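Student: Following is a predicted model, sequence given first.
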Amino acid sequence: MTETEVKRRVRVLVAKPGLDGHDQGAKVIAMGLKDAGFEVIYTGLRQTPEKIVNAAMDEDVDVIGLSILSGAHLSITRRIMELLKEKGLESKMVIVGGIIPEEDIPKLKEMGVAEVFVSGTFISEVADFIQKNIK
């Protein structure tokens, strides 16, 4: 196999924005995506939108996965989408997971979120979505 035939693994940043201190689900998703063949970078707890976008840029990721349980999903996601646009990174796939009320899912998608995965979603569903929709 030549160098040009080697396909780069999809790089996924898993981030826990805001003051939410519960990261077990984010860690499970990160490990599950890694096991599914993705290259995964986990940012840790209590990340600001600015830190998340800077990490996405520095790590040259393809996907930004936000794990939000705090109820601040609309304001946090809005700010992240604004920052991505400011930095010319609006082509990055953004997915959101966690405790998201059904009525907020269309609002997140209007902001540019590719998909929303509510609590209880199988990791295989997340992995399949990324594989089928990554550019």
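Tutor: Looks like it arrived, so ask away.

Student: Could I get the buried residue list for stretch 97-115?
Tutor: Gly97, Gly98, Ile100, Ile105, Lys107, Leu108, Gly112, Val113, Ala114, Glu115 (16 or more other CB atoms under 10 Å). In this view, the C-beta of every residue, glycine as well, is placed from N, C-alpha and C.

Student: From Ile134, how far off is the last one?
Tutor: In this structure, Glu115 lies at 12 Å from Ile134, with CB to CB, to the nearest Å as the measure.

Student: Over to the fourth one?
Tutor: With the distance defined as CB to CB, Ile105 ends up 21 Å from Ile134.

Student: State the pLDDT value of the most centrally placed residue in the chain.
Tutor: For the chain, the residue nearest the mean C-alpha position is Gly65 (0.9 Å; CA atoms, centre = their mean). We have a pLDDT of 97 for Gly65.

Student: That one pairs with what?
Tutor: Gly65 forms beta bridges with Val14, Ile95, as assigned by DSSP bridges.

Student: list the contacts for it?
Tutor: Val12, Leu13, Val14, Ala15, Ile29, Leu33, Val94, Ile95, Val96, Gly97, Val126 (CB atoms under 8 Å, 6 or more residues apart in numbering).

Student: just for the chain, where's the confidence low?
Tutor: Segments of the chain classed as low confidence (criterion: pLDDT under 70) are 1-7.

Student: what ranges do the helices span in it?
Tutor: 24-35, 49-59, 73-86, 105-111, 123-133 (DSSP state H).

Student: any idea how far Ile123 is from the closest residue to Gly112 other than its chain neighbours?
Tutor: In space, not counting the residues next to it along the chain, Gly112 is nearest to Met81; the distance is 5.2 Å by CB to CB, 6 or more residues apart in numbering. From Met81 across to Ile123, the span is 24 Å (CB to CB).

Student: between the two, who's got more neighbours?
Tutor: Taking neighbours as other CB atoms under 10 Å, Met81 and Ile123 compare with Met81 leading, 21 against 16.
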